[in-house]
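> just to be clear, the model below is a prediction. Sequence and coordinates:
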Amino acid sequence: MRAHHKPHRQPPAKPAAHGGGGADIAIAERSPADAGRTPIADDAAPLAPPSRPVLSACPPPLDEPQLIKPLDDNWRQWLAENALLGNSQESMLAKIRQAGIDPAQATGYLSIIGRDPLFRAGEKMRDRYTRFGRAMLNVQAVRESDPHYTHVEKRSRVSRDEFIERYVRGCRPVVLTELARDWPALQRWSFAEFRRRYGHLTVQVQSGRDADTDYEVNKVRLRRDTPFAAFLDRVAASGVTNDEYLTASNEILRRPEFMSLLDDIGALPDFCNRAAMSRSASLWVGPAGTRTPLHHDTLMLLHTQVVGRKRWRFVSPLSGPRVYNDFDVYSPVDFDQLDLARFPEAAKVKVLDVVVEPGETIFLPLAWWHQVSSLDRCISLSFTNLDVPNEFDFHGNRM
Ligand SMILES: O=C(O)CCC(=O)C(=O)O
């Protein structure tokens, strides 16, 4: 999309052929009696105009030819969507002009859109969605009336019954400070130890994230194979950066060469299924400064910090109508640096914020929005093998 709209370029006027009636140049009118005679100059008369009119100097040519683009289906859809959202005609037309789209066509389209049955169907769907959203926000307001609503509890021991009742069914996050207390990983795992044990192996990391503002959405495109030792060396040398991160999508714990890592995982609480650990655990390794943007998962999980600290920010699924979720499980809102001009509704969201220390495990309840940033170089392990139903359909028929 172009940033500026420049005025429509006028083609330079051409001298009209004599008698051709060119609109831009005045030609002395001749009566039918003059036909075939050359007019004789009258000495007393003021200077006659030259027979071939001369154009005055024209301004320099514009940098780019100005083409007004027609309103295509993408822009029609954009207008329809923004009309449904209740945006003003002036604000839409300002954007249309800025993009070099024909404003007359856009105005015409907006004047008839309300009679289009498809648009009226869209209004019905919008109203239904608004009612659902309003009901969610009302329930959320009741939950937020708890004065401790934004506090994320840190608990040392929680029984299976309480965990399921208070956190799984109650759908609230909690940090379990002792869950991993006896894991050998807490003593054994370090960047040096990983290099020694697995440095010769190739791993898949997310790379070039700084150059892509949608790095999480585009994670498949940003996958890159690298020797594990080289990656760990880069992390050690890089300082604070989000450019490279070994995330859950590497699936290295499914690879036989890395399975010995699972021997370093000690006892699990009785609300986890040990037998399913190898197929449900994921390793995360990265420098200080990695950022996983706001999204929700489609299952519940536990995430243990083995090395370093991470900050988790949580948003209730009932605040979903305020996080501008337009695509899949992602939100463009960043609660670390809230852009209120773009996302004014997000100002009304109550965010839970907790730093998870080494050795601690956070429980992510179903459908909670979360964004995560590493405060230090981090090694952590997430696992989804909760011994409760943990498969949910968020995508229509897809499971
Ligand atoms: O640790 C991170 O960077 C993100 C963790 C996360 O989003 C998850 O485990 O679902």
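Perfect, thanks for sending it. Residues are numbered from 1 along each chain as shown.

> give me the nearest residue to whichever residue of the stretch 101-250 of the chain sits closest to the ligand, chain neighbours excluded.
Nearest residue of the stretch 101-250 of the chain to the ligand (Cβ to the nearest ligand atom) works out as Ala248 at 6.2 Å. (Each C-beta comes from the backbone N, C-alpha and C, glycine too.) In space, and not counting its chain neighbours, Ala248 is closest to Ser282: 3.5 Å by Cβ to Cβ, 6 or more residues apart in numbering.

> so that neighbour, which of the three states?
For Ser282, the secondary-structure state derived from DSSP: H, G, I helix; E, B strand; the rest coil is strand.

> what is it paired to in the beta sheet?
Beta-bridge pairing of Ser282 under DSSP bridges involves Ser382.

> number of nearby residues for it?
Residues within reach of Ser282, counting by other Cβ atoms under 10 Å, total 20.

> from here on, count from 41
Right, with 41 as the first residue, what we last looked at is Ser322.

> quick one: it and Leu421 touch, right?
Yes: under the criterion of Cβ atoms under 8 Å, Ser322 makes contact with Leu421 at 7.1 Å.

> do you know how far the residue nearest to Ala288 is from the ligand?
In this view, Ser322 and the ligand are 7 Å apart by Cβ to the nearest ligand atom, to the nearest Å.

> residues contacting that residue?
Applying Cβ atoms under 8 Å, 6 or more residues apart in numbering, we find Ser322 in contact with 287-288, 290-291, 293, 421-423.

> what residues does stretch 307-321 touch?
198, 200, 203-204, 208, 216, 219, 222-223, 293-294, 299, 302, 305, 342, 421-428.

> at 7 Å instead, please
200, 203-204, 219, 222, 293-294, 299, 302, 305, 421, 423-427 (Cβ atoms under 7 Å, 6 or more residues apart in numbering).

> residue in the stretch 191-340 of the chain nearest to the ligand?
Thr332 (3.5 Å).

> in space, what's closest to that residue - neighbours in sequence excluded?
Of all residues not flanking Thr332 in the chain, Val412 sits nearest, at 4.4 Å (Cβ to Cβ, 6+ apart).

> what residues are up against that neighbour?
Shown in contact with Val412 (Cβ under 7 Å, 6+ apart): 332, 350, 352.

> among those, which are in strands?
332, 350, 352 (DSSP state E).

> okay, the residues you listed in a markdown table with pLDDT next?
A markdown table is the format used below for these (pLDDT from 0 to 100):
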| residue | pLDDT |
| --- | --- |
| Thr332 | 98 |
| Lys350 | 98 |
| Trp352 | 98 |
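
> who wins for neighbours among those?
Compared across those, Lys350 has the highest neighbour count, 25 neighbours, by other Cβ under 10 Å.

> is that one in a bridge, and if so with what?
Applying DSSP bridges to Lys350 gives these bridge partners: Val396, Ser414.

> tell me where this structure has helices.
Using DSSP state H, the helices of the chain run over 113-124, 129-138, 143-153, 157-184, 200-202, 225-228, 231-238, 268-278, 317-320.

> for Pro361, find the nearest of these.
Closest approach to Pro361 among these is made by helix 157-184 (3.6 Å; Cβ to Cβ).

> which strands and helices sit next to that closest one?
Contacts defined by 3 or more Cβ pairs under 7 Å, 6 or more residues apart in numbering; DSSP states H and E place helix 157-184 against helix 113-124.
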